[in-house]
Structures are given as C-alpha cells and as structure tokens.
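J.: sequence first, then the predicted structure, then my questions.
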Amino acid sequence: DALRKLGRGTGPMLDPDTDAALAELAAAHPGLLTYDAQRGMVKFNADLTFALGSTEIKPEAVGTLRQFAEILNSASAARYEVRILGHTDNVPVSRPATKQKHPNNWYLSAHRSISVMEVLTGSGVPGQRVIVAGAGEFRPVVANAGRRGAEANRRVEIYLVPMDPRDLSPSVESGAAAADNAPAGSGGAYMDKTGSGGAGPAAPDMSK
C-alpha cells in the first residue's frame with residue numbers, strides 16, 4: 001500500500017505533512033534535536049535533554065517533547081508507531097547514588113526512554129502506539145574516547161514506523177463485540193459441560 005512505499009528511494013520516509021512538521025520542529029530547536037527524513041527518525045541530544053547520569057528531563061526539553069507530541073497526535077501522524085530507543089557512551093555508571101537507580105548504561109538508556117515515553121503519553125499519545133527500549137553503549141555512532149566518552153553517542157532516537165491499524169483498536173472493543181453477540185437471555189451466565197447454568201469459575205488473581 002501507499003504507506004509501505006514511503007521511504008523507498010531518497011525521499012522522506014513519512015507523509016508530507018508529518019515530514020514538514022518535524023523539519024520545522026528541528027529547525028526551531030537546533031542542537032537539542034535533529035530530524036532524519038529518510039529514516040523517519042527524530043534524535044534528541046541526551047546532554048541537553050538530561051543532566052549527567054539522570055533520567056529527569058530538563059524543563060526546556062519537556063516543552064519540546066510536548067510540541068513533538070502535538071505532531072504525533074495530528075491526523076497525519078496518527079498512523080505511526082513511536083519507537084523510542086535510548087543510547088549512552090561507554091563511560092561506566094560509577095556514582096553510588098546513580099548505580100542504585102541505574103546499575104549500568106543499559107538500564108540508564110532504557111530508563112531515559114521511559115522518561116521520554118511518559119512525557120509523550122502524558123501529552124495524549126496513546127500508549128498502544130509506543131515502544132521503549134535501551135541499547136546502552138552498544139550502538140555508538142562515533143568512536144568513544146577518553147574519560148568523557150563521546151557526546152554524539154549520548155542520544156535518544158525516536159522512530160516513526162507505519163502501524164497496522166488493527167494494533168490501534170482498543171482491546172475493549174473486541175470484548176464489547178463479544179458481549180453484543182452473546183445469545184439472547186444468556187445474561188452472561190456460565191454454562192458448564194453438562195449444560196446446566198452456573199456462576200462460572202472464579203477469576204484468577206492477577207495482582208502483582
């Protein structure tokens with residue numbers, strides 16, 4: 001279909017409206033984020049998004065993420081899955097207070113992705129559209145060197161990928177449809193193998 005053809009060749013990966021909106025957002029916040037049109041990817045500079053060793057998003061970055069969420073909530077972008085992937089440099093997590101929360105770079109990168117997700121979903125992006133992950137130090141874009149690592153490797157990448165419309169349908173809809181199709185007069189009662197009515201088995205305890 002048309003969505004699957006997007007991104008082939010050298011043109012933008014996304015539809016024209018979303019592509020233009022993301023390009024405008026990146027132009028308004030140079031240094032903080034960049035937009036790769038051919039990959040459908042927005043990249044946030046982690047040094048400007050988070051404090052050292054922290055997953056708390058800086059106020060100026062929160063505002064930009066909320067603007068990004070507005071784009072994701074637009075009619076043109078609603079068709080895309082939002083894949084958030086955190087990255088770090090290769091400098092080990094060493095401060096005791098930091099290690100208690102993020103034992104290593106893998107945890108730190110994943111926890112930063114979760115922080116980004118929380119801003120986006122808190123701004124109205126449906127949770128079923130979002131995937132979070134962390135790659136730690138294992139996908140550098142430049143060579144790490146010295147005790148400070150490389151700034152370019154400290155980043156959060158957000159990919160927009162065409163989504164199967166079926167994945168956007170709330171599960172409650174299928175449950176409602178099943179209830180609507182139940183035989184008249186059944187009242188939702190449980191029928192055991194002998195054909196006699198019953199209250200049905202107790203629901204399992206699913207609490208964590």
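T.: Structure's in. What do you need?
J.: confidence-wise, which helix or strand of the protein is lowest on average?
T.: Sorting the helices and strands of the chain by mean pLDDT, DSSP states H and E puts strand 190-191 at the bottom, at a mean of 32.
J.: where in the protein is pLDDT low?
T.: Scanning the chain for pLDDT under 70 picks out 1-11, 168-208.
J.: if we use 90, what do you get?
T.: Low-confidence segments of the chain (pLDDT under 90): 1-12, 145-148, 163-208.
J.: which element, helix or strand, includes F44?
T.: Following DSSP states H and E, one finds F44 within strand 41-45.
J.: cool, T18 as well?
T.: Taking DSSP H and E as the definition, one finds T18 inside helix 16-28.
J.: and the next element down the chain from that helix?
T.: Counting by DSSP H and E, the next helix or strand C-terminal to helix 16-28 is strand 33-36.
J.: just give the strands next to that following strand in its sheet, each with its orientation.
T.: Strand 33-36 has the following sheet partners, assigned by DSSP bridges: strand 41-45 (antiparallel).
J.: the protein: helices as residue ranges?
T.: With DSSP state H as the criterion, the chain has helices at 2-5, 16-28, 46-49, 59-72, 96-101, 105-122, 171-180.
J.: can you list these in CSV and add mean neighbour count?
T.: In short, each C-beta sits where N, CA and C put it, glycine included. Output for these, formatted as CSV (neighbours: other C-beta atoms under 10 Å):
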stretch, mean neighbour count
helix 2-5, 9
helix 16-28, 16
helix 46-49, 20
helix 59-72, 18
helix 96-101, 11
helix 105-122, 20
helix 171-180, 9
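J.: can you check which of those gets nearest to A143?
T.: The closest of the helices of the chain to A143 is helix 105-122. By C-beta to C-beta, the value is 16.2 Å.
J.: would you mind pulling the contact partners of stretch 37-46?
T.: 7, 10-14, 19, 22-23, 25-26, 31-36, 61, 65, 68, 80, 86-88, 112, 116, 151, 154-161 (C-beta atoms under 8 Å, 6 or more residues apart in numbering).
J.: ok, of the residues you listed, which come out buried?
T.: 7, 12-14, 19, 22, 25-26, 32-33, 35, 61, 65, 68, 80, 86-88, 112, 116, 154-161 (16 or more other C-beta atoms under 10 Å).
J.: over to S76: give its phi and psi.
T.: Main-chain dihedrals, S76, degrees, to the nearest 10: phi -70, psi -30.
J.: what distance do you get for it to D15?
T.: Separation of S76 from D15 (C-beta to C-beta, to the nearest Å) stands at 5 Å.
J.: which one of those two has more residues nearby?
T.: Higher neighbour count among S76 and D15: D15, with 19 against 15, using other C-beta atoms under 10 Å.
J.: roughly how far apart are that one and E56?
T.: According to C-beta to C-beta, D15 stands 33 Å off from E56.
J.: what does R83 give?
T.: For R83 relative to E56 (C-beta to C-beta), the value is 22 Å.
J.: who has more neighbours out of those two?
T.: Between R83 and E56, counted using other C-beta under 10 Å, the more crowded position is R83 (18 against 11).
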